[in-house]
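In: Quick one, structure for this:
(chains A and B)
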2 protein chains.
Amino acid sequence: MAAKSIARQQLAVGIDIGGTGTKFGIVDRDGNVLFSGEISTKKHADVNSFIDELYTELSALIEKSGGVGQIKGIGVGAPNGNFYTGTIEYAPNLPWKGIIPLAKLIENKFKLPVTLTNDANAAAIGEMMYGAAKGMRDFIMITLGTGVGSGIVANGQLIYGHDGFAGELGHTIIIPDGRLHPGTGKRGSLESYASATGVRYTALELLETTDEPSLLRDVPKDDLDSKKVYEAAIQGDALARHVYEFTGRILGLALANAVMFSSPQAIVLFGGLTKAGDLILKPTREHMEANLIQVFQNKVKILISHLKESDAAILGASALAWEMK
Amino acid sequence: MAAKSIARQQLAVGIDIGGTGTKFGIVDRDGNVLFSGEISTKKHADVNSFIDELYTELSALIEKSGGVGQIKGIGVGAPNGNFYTGTIEYAPNLPWKGIIPLAKLIENKFKLPVTLTNDANAAAIGEMMYGAAKGMRDFIMITLGTGVGSGIVANGQLIYGHDGFAGELGHTIIIPDGRLHPGTGKRGSLESYASATGVRYTALELLETTDEPSLLRDVPKDDLDSKKVYEAAIQGDALARHVYEFTGRILGLALANAVMFSSPQAIVLFGGLTKAGDLILKPTREHMEANLIQVFQNKVKILISHLKESDAAILGASALAWEMK
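Out: Predicted structure coming up:
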């Protein structure tokens, strides 16, 4: 009996809610994902029907893992998730509008403690516990996907800010009066350039404003996406490479500003854009260094997350549960 | 004897080192400056002769306060001061070049524990203990003087970063390829616009590039400074007012970016530029809000430090001593 009681609560549930799908898994303290699953987010116009399906699928995994007695808690990463209130607030990419008390809804259904934060913050905690930032007390996590998210760790703690919304580096203005971000109505934000959407847009711009020959000229506009730009770039397409140089110039400047703000030991990058490797990293590093004042130069590592992409989101979310009191 | 022993170590010394002068004082736990003094910094080409004069002057105040037994420690704010190492590193405005082990030098001389940090960080701690940020756990302190310094508090702690150099908002790039900062060689940094030096430069630019009539056209170039711009502006001079609008536009953008980074409850401004009051604050606030995404709008206070300017620097530095273990 004693051994069984020691083994209790050695597992956590991680849930990562995305605009398209929601991933979830059962994780042990060493960061092993024991069981995992996925449901559609977007097919549930009603959040309650979403919770119902989540409960059905996830309960089965919890049972397989030995039942709720084994589970310390549930960590949830979600776009626009607020750590302090447990709510999702005005998330443009989710089907549920307004302010959704998601942590409460999950808690009531599962009868387990729930902690929620935004997806990039969850990723930062995951990196700190299991990933590239293991052992670091000062780092910045930046997710470069469809959008740009960030999680800032200083003094070994995630920075939530007074209202739980800290870490929106994607919306900081890098080019005043620059490219319009259709979601926010602001101009020149990092996200409008250094995201999959931004890369696509930069390619379209270069195709329209230059005569440079390019493989991408044969791609119908509607089919042109960041993946096509990447494929052209690795085939040596000059225009596609310019897209990455331009993106790296802007990302590098944004990283320099972030470094001069919180002076992290490293910046951990995660997400689709990082698959372009040195195509994007080289100009990013170069322009980061070029914009730093001397005291910060040649000190900050730019690291690529090495967590398995399918696990990373679940790991990050589950890590929230270990921090519960 | 018991009463005397309770009274022991109820005082702290604050030292604020500036390029021109160094202020120091004896402070009690309520933030009252009991005794204070000042010596020249710049006349001491040798840091040891500086320490000698500081010792002579400050020892007299310590004696007046009841002797070293009353003193918990010495806090020092200095440009480019590093909290972790107690050194001043490559401070462009100080007469001592390279890396100066200032905390050690003062400690050896006074036989008291010494904590050192950069001047803006010291100011932030002072505001948190005695000033406009009293009771706040998340705020940003920005000093707008000859240069621009900043101290960032999150989760109730000052952010030092991995190397002790966090909080260099003045050097973040706001206008890519913008105005050259002669001290750093970088272009478009906040400091090159939103400082006394920047205000002067903006006025000179507007005088040269426009035909706008202005009282400032009668001022010889070498005499034109931010004070003259202020005096013209309060007399209704349109060009001088444009200088503040332009400065506020850039400062507001920088504040918006800082808010989206750490989501503070307030930004506390301190220093010469804040004396212009609404001339600078109104455009700053307006442009900060205009650049924030919705979730941050109309939440963040912009506060002016209400600490007596002559005391603030000493208070901030002395506050470091209370945090000593």
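
In: Tell me how many other residues crowd A:Lys134.
Out: Neighbourhood size, A:Lys134 [other C-beta atoms under 10 Å in any protein chain shown]: 10. C-beta here means a position set from N, CA and C on the backbone, and glycine is covered the same way.

In: I'd guessed it sits against A:Val153; true?
Out: No. With contacts counted by C-beta atoms under 8 Å, A:Lys134 stays clear of A:Val153, the gap being 11.8 Å.

In: Return every residue with contacts to both of the two.
Out: Each of A:Met128 lies in contact with both A:Lys134 and A:Val153 under the rule C-beta atoms under 8 Å, 6 or more residues apart in numbering or on different chains.

In: Get me the contact residues on the stretch 101-250 of chain A for chain B.
Out: The stretch 101-250 of chain A comes close to chain B at residues A:136-138, A:152, A:154-155, A:157, A:159-169, A:171-176, A:184, A:186, as judged by C-beta under 8 Å from any C-beta of the partner chain.

In: Tell me the buried residues within these.
Out: Among those, those buried by neighbour count (16 or more other C-beta atoms under 10 Å in any protein chain shown) are A:136, A:138, A:152, A:154-155, A:157, A:159-169, A:171-176, A:184, A:186.

In: which ones among those are found in helices?
Out: Judged by DSSP state H, those include no members of helices.

In: Just the ones of the residues you listed in strands?
Out: Taking DSSP state E as the definition of strands, those contribute A:Ile152, A:Ala154, A:Gln157.

In: For these, give me JSON lines that also has pLDDT.
Out: Converted to JSON lines, these look like this (pLDDT from 0 to 100):
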{"residue": "A:Ile152", "pLDDT": "97"}
{"residue": "A:Ala154", "pLDDT": "97"}
{"residue": "A:Gln157", "pLDDT": "94"}
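
In: with those residues in mind, which one is nearest to B:Leu292?
Out: Of all those, B:Leu292 sits closest to A:Ile152, with 17.4 Å by C-beta to C-beta.

In: The closest one contacts A:Leu158, doesn't it?
Out: Yes. Assessed by C-beta under 8 Å, A:Ile152 is found in contact with A:Leu158 at 7.2 Å.

In: what residues do the two have in common as contacts?
Out: Common neighbours of A:Ile152 and A:Leu158 (C-beta under 8 Å, 6+ apart) are A:Ala124.

In: Quick check: phi and psi at the residue in the stretch 51-200 of chain A positioned nearest to chain B.
Out: Closest approach of the stretch 51-200 of chain A to chain B (C-beta to the nearest C-beta) occurs at A:Gly161, with a separation of 2.4 Å. Main-chain torsions, A:Gly161, degrees, to the nearest 10: phi 80, psi 170.

In: just A:Tyr90 next, same as before
Out: Phi and psi for A:Tyr90, reported as degrees, to the nearest 10, are phi 50, psi 50.

In: Would you quantify the distance from it to A:Phe296?
Out: A:Tyr90 is 35 Å from A:Phe296, where distance means C-beta to C-beta, to the nearest Å.

In: of those two, who's got more company?
Out: A:Phe296 (21 against 15).

In: Now do the contacts for A:Val295.
Out: A:Val295 touches B:Asn80, B:Glu89, B:Tyr90, B:Phe165, B:Glu168, counting by C-beta under 8 Å, 6+ apart.

In: Could you rerun that using 7 Å?
Out: If a contact means C-beta atoms under 7 Å, 6 or more residues apart in numbering or on different chains, then A:Val295 has B:Glu89, B:Tyr90, B:Phe165 as its contacts.

In: And for A:Thr202?
Out: Per C-beta under 7 Å, 6+ apart, neighbours of A:Thr202: A:Tyr193, A:Val243, A:Phe246, A:Thr247.

In: Could you work out the most separated pair of these?
Out: Maximum pairwise distance in the contacts of A:Thr202, criterion C-beta to C-beta, is 10.3 Å, between A:Tyr193 and A:Val243.

In: In terms of neighbours, single out the busier of the two.
Out: A:Val243 (30 against 26).

In: what are the bridge partners for A:Gly25, then?
Out: A:Gly25 has these beta-bridge partners by DSSP bridges: A:Gly14, A:Ser36.

In: Quick check: buried residues in stretch A:180-197?
Out: Within stretch A:180-197, the residues that count as buried by 16+ other C-beta under 10 Å are A:181, A:184, A:186, A:188-197.

In: Flag the least confident of those.
Out: pLDDT is lowest at A:Thr184 among the buried residues of stretch A:180-197; the value there is 90.

In: In contact with the residue nearest to A:Ser305 when sequence neighbours are not counted, which residues are there?
Out: Of all residues beyond its chain neighbours, the one nearest A:Ser305 is A:Phe270 (4.0 Å), with distances taken as C-beta to C-beta, 6 or more residues apart in numbering or on different chains. A:Phe270 makes contact with A:Ala123, A:Met141, A:Thr143, A:Ser305, A:Ala312, according to C-beta under 7 Å, 6+ apart.

In: which one of those residues is nearest A:Gly25?
Out: A:Ala312 (10.8 Å).

In: Just give me the neighbour total for whichever residue of the stretch 201-325 of chain A sits closest to chain B.
Out: Per C-beta to the nearest C-beta, A:Ser263 is where the stretch 201-325 of chain A lies closest to chain B, at 2.4 Å. Using other C-beta under 10 Å, A:Ser263 has 23 neighbouring residues.

In: Test my guess that it contacts B:Gly161.
Out: Yes. Using C-beta atoms under 7 Å, A:Ser263 is in contact with B:Gly161, at 2.4 Å.

In: Now do the shared contacts for those two.
Out: Shared contacts of A:Ser263 and B:Gly161 (C-beta under 7 Å, 6+ apart): A:Asp138.

In: Just list the residues touching A:Gln10, thanks.
Out: A:Gln10 touches A:Asp28, A:Arg29, A:Gln70, counting by C-beta under 7 Å, 6+ apart.

In: Compute the inter-axis angle for the biggest helix by length in chain A and helix B:238-262.
Out: Ranked by number of residues, the top helix in chain A under DSSP H is helix A:238-262. Helix A:238-262 runs at 90 degrees relative to helix B:238-262, counting by axes from the mean of the first three to the mean of the last three C-alpha atoms, to 10 degrees.

In: Can you list the buried residues in helix A:238-262?
Out: Buried residues in helix A:238-262, counted by 16+ other C-beta under 10 Å: A:239-262.

In: How about stretch A:295-307?
Out: Neighbour count says stretch A:295-307 has A:Val295, A:Phe296, A:Lys299, A:Val300, A:Ile302, A:Leu303, A:Ser305, A:Leu307 buried, by 16+ other C-beta under 10 Å.

In: domain parsing for chain A?
Out: A:2-126+A:310-322, A:135-306 (automatic domain parsing).

In: quick one: the strands in chain A?
Out: A:11-17, A:21-28, A:33-40, A:71-77, A:88-89, A:99-100, A:114-117, A:139-144, A:148-154, A:157-158, A:266-270, A:301-304.

In: helices or strands next to the fifth one in the packing?
Out: Translated: strand A:88-89. Counting contacts by 3 or more C-beta pairs under 7 Å, 6 or more residues apart in numbering or on different chains; DSSP states H and E, strand A:88-89 packs against no other helix or strand.

In: on that earlier part again, just the contacts of A:Val295: which has the poorest pLDDT?
Out: B:Tyr90 (84).

In: Find the nearest non-adjacent residue to it, please.
Out: If the residues on either side of it in the chain are set aside, B:Tyr90 comes closest to B:Asn80, at 6.2 Å by C-beta to C-beta, 6+ apart.
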